[in-house]
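Visitor: Any chance you could fold what I've pasted below:
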Amino acid sequence: MKRLVSVSLIGLLSCVAWASAVAQTTALNGHINGIEFCFQSVPECGYAGFVGTFTGKVNGNDTTAVFTARVNHAVPLNETNRGVTAVTEGEWSLITPNTTIKGTVKGGTLTFHQNNTFAVDLTLPIEGSSSTAMFDGTLNHNVFPPTVTGRLRSK
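Guide: Numbers count the residues shown, from 1 in each chain. Next up is the predicted model:
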């Protein structure tokens, strides 16, 4: 009987620990400054690739980090495709001195603005967390390499 109680207690504690890990939240609030280093239209890439720096807070602590993302969008970004383009998939990461936060790109939009710039809105679920990050910023195709700037925050 003692063995059954011990095994049951271990099982119960494991479930509680697993549920706590799943329910963990991640708080992000900061700014991204980066570049687009590869275009989805380039066959060797097949995606739009971004790298930049994050400056802000992660779980309430000031930090700087490297931000990376690769995304696919529904139609090419050019002067003839004006309007809103869906972001269909991708992956992202935020690499701080202490940890790596990452996830998939759940969706988003690229909205054409005047002068070859695009509003970027992305939904970024955080792997291993109940939190989701949101990115809203601007992609500027008027310079080379194109720049991306904006805000990264969790909700």
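Visitor: quick one: the helices in this protein?
Guide: 2-22 (DSSP state H).
Visitor: Name the helix or strand of it that has the lowest mean pLDDT.
Guide: helix 2-22 (a mean of 42; mean pLDDT, DSSP states H and E).
Visitor: Where does pLDDT dip in this protein?
Guide: For the chain, the stretches with pLDDT under 70 are 1-23, 78-81.
Visitor: Help me confirm that Lys102 comes into contact with Leu124.
Guide: No. The pair Lys102 / Leu124 is not scored as a contact, 9.2 Å apart, by Cβ atoms under 8 Å. (Glycine included, C-beta is placed from N, CA and C.)
Visitor: Looking at those two, which has the bigger crowd around it?
Guide: Leu124 (27 against 16; other Cβ atoms under 10 Å).
Visitor: Neighbours of Thr25, how many?
Guide: 10.
Visitor: repeat for Arg151
Guide: Going by other Cβ under 10 Å, the residues that sit close to Arg151 add up to 14.
Visitor: likewise Val143?
Guide: Val143 has 9 nearby residues by other Cβ under 10 Å.
Visitor: Might you report the residue contacts of the nearest residue to Tyr47 once chain neighbours are set aside?
Guide: Residue nearest to Tyr47 in three dimensions, not counting chain neighbours: Arg70, with 4.5 Å by Cβ to Cβ, 6 or more residues apart in numbering. Applying Cβ atoms under 8 Å, 6 or more residues apart in numbering, we find Arg70 in contact with Tyr47, Ala48, Gly49, Phe50, Gly90, Glu91, Trp92.
Visitor: Which residue comes closest to the fourth one once chain neighbours are left out?
Guide: Across the structure, with Cβ to Cβ, 6+ apart as the measure, the residue nearest Phe50 apart from its sequence neighbours is Ala69 (4.6 Å).
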